[in-house]
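Asker: Can you look at this prediction? I've put the sequence above it.
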Amino acid sequence: MKEVLGDIERWRAGGHRVAIARVVGVDGSGPRDPGATMVVNDAGEVAGSVSGGCVEGAVVTEALAVLSGEKPRGIVSFGYSDDEAFAVGLTCGGTVHLFVEPLDW
Amino acid sequence: MVSDPGEAGGGTGTPVFDALQEALRADRPVALATVVDGPGVGAKLLVRPGEATLGTLGHPDLDRVVARDAQAELDAGLTATRRYGPHGEAREETVRVFIESFAPSPRLIIFGAVDFTGALAKAGKLLGYRVTVCDARAVFATVARFPMADEIANDWPDRYLAKVGDELGPRDAVCVLTHDAKFDIPAIVAALGTEVGYLGAMGSRRTHAARVARLRDAGVDDAGLARVMAPIGLDIGSRTPEEAAIAICAEIIAVRTGRTGAASLRDGTGPIHVAIPEPRRNSR
């Protein structure tokens, strides 16, 4: 979280809305521990990371959907066992659970 | 602890985040609890030691139980998801709460403002340490020479540790780079009196052999000597200050994680600085 505070501040000062995705659980081998944070603004800009680069693209899509109200805030999982996530692909073979929410708290 | 869900957020509309940001920037301990599944998904409770909690997870009893657990996680430096009943019941699983604890940065204290110090201070910052450079010689330990350090202390190592030693714990590291007996014997002796997780000392094998004798004279026993990683760093054949900084930081990580398979210079016998391998010659 610390490493993205500057980006959040800059984006909000520029009038952007921000979504936060945090790793809240990892099954098996995962590249980042719970607490790893990625932030996305409503222009699609990104800071931070939640994996070794494997799922970040999909997280942007989820974050923008949450920001636009298409999807409610909640847990999104990516991993080896999940068909859709398999296409995204965690190369390490684990499953990562993210909590994606708008920064409105 | 009193809950205060109504603390004004300075007009930003994000009072919990603002308070979290303030604590993180000030490097104060703080824990953020979020309902990630169950009723009230997204609800927040911010737990700050010695201060009122901020926000609510939906019920005062749940807030109370989670605040207690968050404090325990903060003390242990843990981040985890826990399950509760809607009123904080321990044996129920309706509400899943992600408790993220933000402990203050671990400390890296470097004794000796020498040519290796800047590189080690930089590498320490990269790893998230709060870095102190301590040297009694005010001419050498300056902000201009070590702008990356969080703190410059112009003090004798043992006097400095007498001030801050009580705050050091298993996550912290002390590196003695002085390799001058006048400074490093009191520094090591004082560091051994703390709970610091990593203690390394620079110097050749010969320097360290002489140092061991002096440390014994100063009353350090086998258990104390076993805590001293010297010659400092992993045996990766480092040559430059930057490479030595990587070797030292890698050893700090290995000691913290208990990975004994990593080859420390201390446990070997060969030269510390190897010559650059020459192209293979024909055998004679």
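Answerer: Great, that's in hand.
Asker: Just read off the phi/psi values of residue B:248.
Answerer: Main-chain torsions, residue B:248, degrees, to the nearest 10: phi -70, psi -50.
Asker: Find the residue closest to the residue of the stretch 101-250 of chain B found nearest chain A in space, skipping its chain neighbours.
Answerer: Of all residues in the stretch 101-250 of chain B, residue B:102 sits closest to chain A, at 7.0 Å by C-beta to the nearest C-beta. Bear in mind the C-beta positions are built from the backbone N, C-alpha and C, glycine included. Take residue B:102 and drop its neighbours on the chain: the residue closest to it by C-beta to C-beta, 6 or more residues apart in numbering or on different chains is residue B:30, 5.1 Å away.
Asker: got a list of what the one you found touches?
Answerer: B:19-20, B:23-24, B:46-48, B:74, B:101-102 (C-beta atoms under 8 Å, 6 or more residues apart in numbering or on different chains).
Asker: Top of those by number of neighbours, please.
Answerer: Most neighbours among the contacts of residue B:30, by other C-beta atoms under 10 Å in any protein chain shown: residue B:47, with 26 neighbours.
Asker: give me every residue that touches that one.
Answerer: When contacts are counted by C-beta under 8 Å, 6+ apart, residue B:47 touches B:30-33, B:53, B:66-67, B:70-71, B:74.
Asker: Name whatever forms a beta bridge with it.
Answerer: Beta bridges link residue B:47 to residue B:31, judged by DSSP bridges.
Asker: Do you know the pLDDT at it?
Answerer: With respect to pLDDT, residue B:47 has a value of 97.
Asker: ranges for the strands of the stretch 151-284 of chain B?
Answerer: Along the stretch 151-284 of chain B, counting by DSSP state E, counting those that start in this stretch, strands occupy B:151-153, B:173-176, B:198-201, B:228-229.
Asker: With mean pLDDT and mean neighbour count added, can I get those strands in a markdown table?
Answerer: Output for these, formatted as a markdown table (pLDDT from 0 to 100; neighbours: other C-beta atoms under 10 Å in any protein chain shown):
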| stretch | mean pLDDT | mean neighbour count |
| --- | --- | --- |
| strand B:151-153 | 96 | 18 |
| strand B:173-176 | 98 | 28 |
| strand B:198-201 | 97 | 25 |
| strand B:228-229 | 97 | 22 |
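Asker: Stretch B:86-100 spans what distance, first to last residue?
Answerer: The stretch stretch B:86-100 measures 20 Å between its terminal residues, going by C-alpha to C-alpha, to the nearest Å.
Asker: Residues touching stretch B:67-81, excluding its own?
Answerer: Stretch B:67-81 is contacted by residues A:24-25, A:33-35, B:1, B:29-31, B:33, B:36, B:45, B:47, B:49, B:53, B:82, B:96-103, B:171 when judged by C-beta under 8 Å, 6+ apart.
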